[in-house]
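1. got a predicted structure plus its sequence, pasted below:
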Amino acid sequence: MQEMNLIGAYGDWAAGLVGRAPGALSLRSGKFADIDEWRRHACGRVWDCLAAPDLPDLPSVRTEWSGTVDGLHVEQLSWQLPYGPPTSAVLLKPADANPGARLPGVLALHDHGGIKYFGWRKIAQGDVPAHPVIVEHRDDDYGGKAWANELARRGYAVLVHDTFAFGSRRVRVAEVSETIRRGAQDPGPDETSEEITAYNRWTGDHEHILAKSLFSAGTTWPAVYLREDQVALSVLCARPDVDAARIGCGGLSGGGLRTVYLAGLDDRVRCCFCAGFLTTWRDLVLTKNYTHTWMTYTPLLPRDLDFPEILGLRAPAPSLVLHSTEDPLFTNTEVDVSEEILADVYRRAGAPEAFRLARYPGGHKLDVPMQKEAFDWLDRWIRD
């Protein structure tokens, strides 16, 4: 008898298309003489499937505000991409950093969390007090911390930017067709929690429409994410106070997803941590895709690479994965499979010590103990 799954009688057939055997471009397939040859072929295929839009390598960056907040030098930045509203971002570093010092840099990637009204403000604290919606979100997912600030205190220059459809880059209800507004409104100047919650609920439904429009335009949501994150990475690397040879990235949930693609495909990232986002395509086919967003999926790629192998493209560069064992977004047995896949890739790359998957009790989160392990990992590879 067929086990229960998301698509009923079609489950076995669909899972069979992915299968358990290595994909056509998997390093485990035995088709490649060495990891460099594999990376060339596999990276090219991922980029083909992503169908990424063209974006400038380095935009003109404007400083909107700078000052000292709780021992940190804070700069609120903005830049304009060829489409959509300006990107808002924040740069954090120790206020007492040597003016001539070149600090290790980290691109901190904010989560999805069902909260599109905010972006970088979910994980970083600037000069404006956190909104109650953000306070609650940090309490639930981050142990009450603005973790980008905590990382900056360790001696890093940390950049956090709003990405496509979040925060400053969010879709404004007033700018979409009346037929899909369904009575929704943008929050007013007072930004009440009730207004923000209603807006976030509307964007959950609108996500399907936005994804279809991206597909129809010949691109994909993970591609837009990746290219916007690469632009932000260029902004970080170009700063005179940042050592571009010591760059890391990381994040939880949607930030973990973004880490998989960015760290896997951009070799400027020397070290990364991915929290709350590692599984197999099979897990998504049969069990868990309803818990995830359209931002995850790259059409046709599952025929060639399993999901963790995207991150594996960076081997032997170090990668830490943090997983909570009661996280409802993933099946633990498929996380185990992901660990086996990545451990094998790193063994073949001659760097088994550069990959670690750490398990923690509890639900979907990047709490304080997990943050400490992530920060220690960055210290080990790009700070010390």
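-> On my side now, so go ahead. Just so we're clear, the structure is a prediction, and the values are computed from it rather than from any experiment.
2. which residue ranges form the helices in the protein?
-> Remark: helices assigned in the chain by DSSP state H are 11-18, 35-50, 132-141, 147-152, 178-181, 193-216, 221-238, 254-265, 281-283, 307-312, 332-348, 368-378.
3. among these, which comes closest to Leu58?
-> Among those, helix 221-238 comes nearest to Leu58, with 4.6 Å by C-beta to C-beta. To be clear about C-beta, it is placed using only N, CA and C from the backbone, and glycine gets the same treatment.
4. can you list the weak-confidence ranges in the chain?
-> 1-2 (pLDDT under 70).
5. for it, which strand is longest?
-> strand 242-252 (DSSP state E).
6. okay, now the sheet partners of it, with direction.
-> Paired neighbours of strand 242-252 in the sheet (DSSP bridges): strand 103-109 (parallel), strand 271-275 (parallel).
7. just the CA atoms of the longest one, as PDB, please.
-> Backbone C-alpha positions of strand 103-109 (Å, rounded to 0.1, in the frame of the first residue of the first chain) are rendered in PDB as follows:
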ATOM      1  CA  LEU A 103      37.500  43.600   9.000                       C
ATOM      2  CA  PRO A 104      36.200  40.200   8.000                       C
ATOM      3  CA  GLY A 105      32.800  40.700   6.400                       C
ATOM      4  CA  VAL A 106      29.600  38.800   6.700                       C
ATOM      5  CA  LEU A 107      26.500  39.100   4.500                       C
ATOM      6  CA  ALA A 108      23.700  38.300   7.000                       C
ATOM      7  CA  LEU A 109      20.600  37.000   5.100                       C
END
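8. report the angle between it and helix 368-378.
-> For strand 103-109 against helix 368-378, the angle by axes from the mean of the first three to the mean of the last three C-alpha atoms, to 10 degrees is 140 degrees.
9. and Glu339, how many neighbours?
-> 18 (other C-beta atoms under 10 Å).
10. any idea how far it is from Val171?
-> 36 Å (C-beta to C-beta, to the nearest Å).
11. same check, this time on Thr163
-> Taken as C-beta to C-beta, the span from Thr163 to Val171 is 13 Å.
12. higher neighbour count, those two?
-> Set side by side, Thr163 and Val171 show more neighbours around Thr163, with 27 against 21, by other C-beta under 10 Å.
13. so what's His131 up against?
-> Applying C-beta atoms under 8 Å, 6 or more residues apart in numbering to His131 gives the contacts Phe118, Arg121, Glu191, Ser193, Ile196.
14. ok, now with 10 Å
-> For His131, the contacting residues are Tyr117, Phe118, Arg121, Lys122, His137, Glu191, Thr192, Ser193, Ile196, by C-beta atoms under 10 Å, 6 or more residues apart in numbering.
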